[in-house]
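what would the 3D arrangement of this be:
(2 chains)
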Amino acid sequence: MAEKHFSLQNAKTFSLFYESCHLVVFRYIYGMTGGPLQEVEDLTAESFFRAWKNRSQFQGSEQAAIGWLLTIARNMVFDAHRRRKVHPEVELEENWDDHYSYTQATPESRILEREQFRILWQLIQGLCPEQREIIILRYMLGWQVKEIARLTNSSENAVSVNLFRTMKKIQQNWPNE
Amino acid sequence: MLNSDDPQAQFDQPQAEHIFSLLNNFQPRPRQGFNHRMQQAPWNREGKQFFIKVVQSLRTFPVNAFAVFVIFLILTLLFFTPSLVSTARQIFQFFGVHDENSRSIEVTSTPISPSDTSLSEFKFSLSLAEAAKAANFPIKVPVDFPKGTVLEGAAYDETRQAVLIKYIGNGKTFLFTQRDESSVSEYASIGSSAPAELVTVRGVQGEFVTGGWVIQSFSENQSGAQTINLVWENQAGMWTLRWEENGFVYEIVVASSQSVSLTEILAIAESMR
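The predicted model follows:
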């Protein structure tokens, strides 16, 4: 079935589009850069500004529009890495757990969960950008493998293999004790 | 969801599902300030685009200010320099405008206004039919004149290929000129500072001018030819209505000690058949 054409020309349409996917872009950039928050917000805003400026170049469905927007964000993040403006080793924000939904009920378990997340975050930020991107898209944003393959311009099989290897790497690098 | 009941076990060796759970539970959001900032995004102020463009153009203020200054300077020169005013009028109007407010003509030349016809050798001795025959083109004459105005006579000026018709009455003198548009326009010129108002005459654009050339002095050159030195005066008691129609230039010059309105001359022009 042919995908419904989605236009970003109109300001109102673009505004609705922004409302529907700005958190996706923000979280993608947050996961890719690791923070700080100010830089994440700047890159998110700039991604949308660039998309607005070049909106006449986009043609496709709404899903394709999100992919197109993330490609803009992706290029900006990669550029930021190259210019060393983004530091993979950056620490989590002080109040990061304001945005974290604990699964554990007891205070002791929560402390453990908190520490687990902190370790996981550091390990993810230590990955190469391509591996980090797959983890963020799959586990933080909940994207399907085929959607990741489309965004990263690779095959689903390649994405699955890369995902498996990256998970293994995280588990292997997980500190004992 | 954690896959195990033992958090410590997951801490030591987390499974893929546990990693997924940890990441999925972290859903950061931008701060309030970011949302305020994005409310000012271009797609939220589409209606203000014109204002934004104006503001953006002000960023190049020094360049724009210089451009405005240059335009202002040019306009000032146009308004205050007689020769440039004349040039500008020549561009925007088909009527002749002299490049100064003074000029000289030889005594034997065609009269340029009803008041100086006596100084020329022109005799309005032809009838309208004779003038039309001499000109070899049909002439238009007014049919609706103020009561008491009579035809004095007509003349044909070969130099300008123009027919001149003179009417007098009620203290006013009317000099009608009709000539081919390709003929010389020198005698039709007005002073460079003459106030000219663009008007619609018989459905076309015309010009209403207040003022006229008045005699300032006489002079005689070495060969004995007499020359009249004229100067343009806005309060000369003369009014001119000029327009171009079907390949002819028409001119009505009224000389009077009383004031003559544009409406009055327009009515006469509209009655020309």
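
the helices in the chain, which residues?
Here I'm looking at chain A. Ranges of helices in chain A, per DSSP state H, are A:11-33, A:37-53, A:62-82, A:107-125, A:129-135, A:145-152, A:156-173.

to clarify, I was referring to chain B.
Under DSSP H, chain B gives helices at B:7-12, B:16-24, B:32-39, B:49-58, B:61-80, B:82-92, B:128-135, B:262-270.

what's the offset of the last one from the middle of its chain?
Between the mean C-alpha point of helix B:262-270 and the mean C-alpha point of its chain there is a distance of 21 Å (CA atoms, centre = their mean, to the nearest Å).

what packs against that helix?
strand B:196-201, strand B:204-210, strand B:238-245, strand B:248-256 (3 or more CB pairs under 8 Å, 6 or more residues apart in numbering or on different chains; DSSP states H and E). C-beta here means a position set from N, CA and C on the backbone, and glycine is covered the same way.

to A:Pro107, which of these lies closest?
Nearest to A:Pro107 among those is strand B:196-201; the distance by CB to CB comes to 90.1 Å.

same for that closest one, what does it pack against?
strand B:204-210, strand B:238-245, helix B:262-270.

distance from the chain centre to that strand, please.
9 Å.

pull up the pairing partners for that strand, direction included.
Strands adjacent to strand B:196-201 in the sheet, as given by DSSP bridges, are strand B:204-210 (antiparallel).

any regions of the chain where pLDDT drops low?
Using chain A. A:1-4, A:84-91, A:177 (pLDDT under 70).

actually, chain B is the one I wanted.
B:1-13, B:46-63, B:79, B:82-100, B:103-122, B:183-188.

quick one on the thing from earlier: any chance of the helices and strands packed on helix B:262-270 in a markdown table, plus mean neighbour count?
Below are the helices and strands packed on helix B:262-270 laid out as a markdown table (neighbours: other CB atoms under 10 Å in any protein chain shown):
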| stretch | mean neighbour count |
| --- | --- |
| strand B:196-201 | 15 |
| strand B:204-210 | 19 |
| strand B:238-245 | 22 |
| strand B:248-256 | 22 |
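
could you dump these to TSV with distance to A:Gly60?
Listed next are the helices and strands packed on helix B:262-270 as TSV, based on distance: least, CB to CB, whole Å:
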stretch	distance to A:Gly60
strand B:196-201	57
strand B:204-210	56
strand B:238-245	61
strand B:248-256	66
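
I'd like to know how many residues surround A:Gln38.
Residues lying near A:Gln38 (other CB atoms under 10 Å in any protein chain shown) number 12.

list the contacts of it.
Not one residue lies near A:Gln38 by CB atoms under 8 Å, 6 or more residues apart in numbering or on different chains.

state the distance from it to B:Ile168.
91 Å (CB to CB, to the nearest Å).

and A:Asp97, how many neighbours?
17.

quick check, it in contact with A:Gln116.
No - applying CB atoms under 8 Å as the test, A:Asp97 and A:Gln116 come out as separate, 11.9 Å apart.

what distance do you get for the residue nearest the centre of chain A to chain B?
What sits nearest the mean C-alpha location of chain A, by CA atoms, centre = their mean, is A:Tyr28, with 1.8 Å. Taking CB to the nearest CB, to the nearest Å as the measure, A:Tyr28 falls 11 Å from chain B.
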